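Colleague: sequence first, predicted coordinates after that:
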Amino acid sequence: MKKIILFCLFFITSGCSVFQPEETSIIQPTLLKQAELPPLRQSIEGNWFEFYCEMQINANGDVERAKILNGTGDEIWDSLAVLSLMDWKYSPAIYDGHPIKLLIRRKIRVVFVEPNVIPLAEIELQNYELADSVYNALLSGTDFTSLVKKYSISTSRSLQGYLGYVNIQHYSDNISTALSKLEEGEFTKPLKYGDYYVIFKRLRLYN
């Protein structure tokens with residue numbers, strides 16, 4: 001059974017938008033983080049394949065609705081893949097300086113590669129000024145967990161910022177590249193994550 005490790009997006013023309021003003025330019029949603037697709041239940045020749053999907057992205061960048069437009073021939077896999085797409089995270093579409101709900105169509109290229117899984121914690125911050133202040137506090141030796149409790153706006157705050165063992169290839173390229181350079185105990189500079197900023201820390205790897 002082949003396991004899908006990484007999937008890359010290639011944009012195609014957007015579908016009709018839920019809100020589509022005339023004579024305007026809409027800033028399209030940007031993928032921030034993927035969720036892993038289910039293992040394939042049938043053999044695929046080569047190390048990649050493609051499918052088309054449709055997703056409705058709300059003003060928070062969450063996927064409200066998803067469907068696969070061309071099935072793979074495996075109805076169970078297609079159904080599980082739709083559930084995965086619902087967990088993808090985007091920056092919202094922007095019109096006239098405001099986030100809007102938008103229906104998009106995308107071509108997904110699924111690529112089989114080795115995962116890069118590391119234990120991570122995060123501090124998600126409201127703006128760059130605060131993120132920079134927290135980053136400088138970390139450089140000065142302030143405890144990461146104490147800053148999570150004081151400043152983080154992520155739901156991971158209740159877990160002291162702990163995200164678990166994460167395949168960093170599921171993040172956007174700039175984030176996954178920064179994470180790949182971390183040694184145990186090191187943290188990133190503030191990284192833009194949609195409308196917010198995140199500081200990641202690589203934790204000790206436990207067997």
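Modeller: It's in. These numbers come from a predicted model, not from an experiment.

Colleague: setting aside sequence neighbours, what's the nearest residue to the spatially most central residue of the chain?
Modeller: For the chain, K33 is the residue whose C-alpha lies nearest the centre (Cα atoms, centre = their mean; 0.8 Å). Distances taken as Cβ to Cβ, 6 or more residues apart in numbering put K89 closest to K33, at 4.4 Å, once the chain neighbours are dropped. In this view, the C-beta of every residue, glycine as well, is placed from N, C-alpha and C.

Colleague: and the residue nearest to the centre of the chain, what are its phi and psi?
Modeller: In terms of degrees, to the nearest 10, the main-chain angles of K33 are phi -150, psi 140.

Colleague: circling back to that earlier point, tell me, how many residues neighbour the residue nearest to K33?
Modeller: When neighbours are defined as other Cβ atoms under 10 Å, K89 has 20 of them.

Colleague: distance check, it against I76.
Modeller: With distances taken as Cβ to Cβ, to the nearest Å, K89 is found 25 Å from I76.

Colleague: surely the residue nearest to the centre of the chain and Q169 touch.
Modeller: No - judged on Cβ atoms under 8 Å, K33 makes no contact with Q169 at a distance of 10.5 Å.

Colleague: and L80, what does it touch?
Modeller: By Cβ atoms under 8 Å, 6 or more residues apart in numbering, the contact set of L80 is L37, P38.

Colleague: how much space separates it from D96?
Modeller: 38 Å.

Colleague: next: L147.
Modeller: According to Cβ to Cβ, L147 stands 35 Å off from D96.

Colleague: these two - which one has more neighbours?
Modeller: L147 (19 against 9).

Colleague: just checking, what packs against the helix or strand hosting the more buried one?
Modeller: With secondary structure defined by DSSP states H and E, L147 is part of helix 144-151. Judged by 3 or more Cβ pairs under 8 Å, 6 or more residues apart in numbering; DSSP states H and E, helix 144-151 is in contact with strand 117-125, helix 128-139.

Colleague: give me the angle between the longest one and strand 117-125.
Modeller: Relative orientation of helix 128-139 versus strand 117-125 (axes from the mean of the first three to the mean of the last three Cα atoms, to 10 degrees): 130 degrees.

Colleague: who are the contact partners of N174?
Modeller: Counting by Cβ under 8 Å, 6+ apart, N174 has contacts L191, K192.

Colleague: does it belong to a helix, a strand or coil?
Modeller: Counting by DSSP: H, G, I helix; E, B strand; the rest coil, the backbone at N174 sits in helix.

Colleague: so what are the domain limits for the chain?
Modeller: As given by automatic domain parsing, the domain ranges for the chain are 6-111, 117-202.

Colleague: in terms of mean pLDDT, which of these ranks lowest?
Modeller: Ranked by mean pLDDT, those bottom out at domain 6-111, which scores a mean of 79.
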